[in-house]
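Enquirer: Fold the following, please.
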Amino acid sequence: MGRKKRLSKEEEMEVDEFINSARIDSKEKLLRCIKIDVKSITDNQKELVKAIKEKEVVICSGLAGTGKTFLSCAEALKLLKNDPRYQKIIIVKSVTVLKNEEIGHLKGGLAEKMEPFMYSFIHNFAKIIGKGNVDKMKEFGLIEELPIAYMRGINIDNAIVIIDEAQNISIDNIRTILTRLGSNCKMIFLGDTKQIDIRNKRDSSLEFLLDKFSHIDEIGMVRLTQEDVVRNPLIKKIEDVFDNLDRKP
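Expert: You can find the predicted model right below:
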């Protein structure tokens, strides 16, 4: 008989996580067990974390790779774990696809249709606490996905709402989202003004939010720049190339 293959450290962690998550039978146990070890690096990232802790609404514009979604997911998990006012995290994202990348009719129910658009959220949560724990959180209703089309007529209480790709949400729809704000509700709007995919760029809501709501004390404004790119330093050079193309007549 051949020798059994030894598991890598990553595989051992996945096995341990699966075993531990199988033993968790309540959301209270799950929240006690999850560990969130994420720290901001740059000054602007620290401003984002501070705003999430202190403000009811946070509006953050940042380039790709600046960690805006990752940090927001981590802080939302910390609030859910440590602050009894919050009972769940609601994730919201525009279902706009990239230019010239139509994906056709999606089969299945609402959850299956939304899954490709919500992947970035789930990917970030999984990097922080592991996929098994994310699946458990969804099972216990601690993480919910909410399409913008279903938001009219509801009131959101006791929740942290993360709205990603805000640059692809129209001003009318962003108004609908903002006015769902209820008791003990925190909203975090994220986006990148350089990646607008909706047909009418003038209807993009991110710059509108940053411009029109900066005077309200309860709303935090954060801009992440090329200096905050932490994913890969090459992204800064890539952004420079595209910026120079945009400036040409």
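Enquirer: ok, the closest residue to Gly182 other than its chain neighbours to Phe208 distance?
Expert: Distances taken as Cβ to Cβ, 6 or more residues apart in numbering place Asp157 nearest to Gly182, at 3.9 Å, with adjacent residues excluded. For glycine as for every other residue, the C-beta is placed from the backbone atoms N, C-alpha and C. With distances taken as Cβ to Cβ, to the nearest Å, Asp157 is found 26 Å from Phe208.
Enquirer: Comparing these two, which shows the higher neighbour count?
Expert: A count of neighbours by other Cβ atoms under 10 Å puts Phe208 above the other of Asp157 and Phe208, at 18 against 14.
Enquirer: Quick check: closest non-adjacent residue to that one.
Expert: Counting by Cβ to Cβ, 6+ apart, Phe208 lies nearest to Ile171, which is 5.5 Å off, once chain neighbours are set aside.
Enquirer: looking at it, the one you found is touching Leu206, isn't it?
Expert: No. Ile171 lies out of contact with Leu206 (Cβ atoms under 8 Å); the separation is 10.0 Å.
Enquirer: Compute the first-to-last residue distance for stretch 206-225.
Expert: Start-to-end span of stretch 206-225 (Cα to Cα, to the nearest Å) is 15 Å.
Enquirer: so where's this structure shaky on pLDDT?
Expert: Across the chain, the ranges flagged by pLDDT under 70 are 1-23, 95-117, 232-233, 236, 239, 243, 246-249.
Enquirer: quick one, helices of it?
Expert: Secondary structure of the chain (DSSP state H): helices located at 9-23, 27-33, 43-54, 68-82, 110-129, 131-139, 171-178, 206-212, 234-247.
Enquirer: and Ala76, how many neighbours?
Expert: The burial count for Ala76: 26, using other Cβ under 10 Å.
Enquirer: So which residue is dead centre in this structure?
Expert: Among the residues of the chain, the one closest to the centroid is Thr69, at 4.3 Å (Cα atoms, centre = their mean).
Enquirer: contacting residues around that residue?
Expert: 120-121, 124, 162, 164, 190 (Cβ atoms under 8 Å, 6 or more residues apart in numbering).
Enquirer: State the distance from it to Ile91.
Expert: 10 Å.
Enquirer: tell me, what's touching the two both at once?
Expert: In contact with both Thr69 and Ile91: 121, 162, 164, using Cβ under 8 Å, 6+ apart.
Enquirer: how far away is Ile52 from Cys33?
Expert: 23 Å.
Enquirer: Between these two, which has more neighbouring residues?
Expert: Ile52 (23 against 15).
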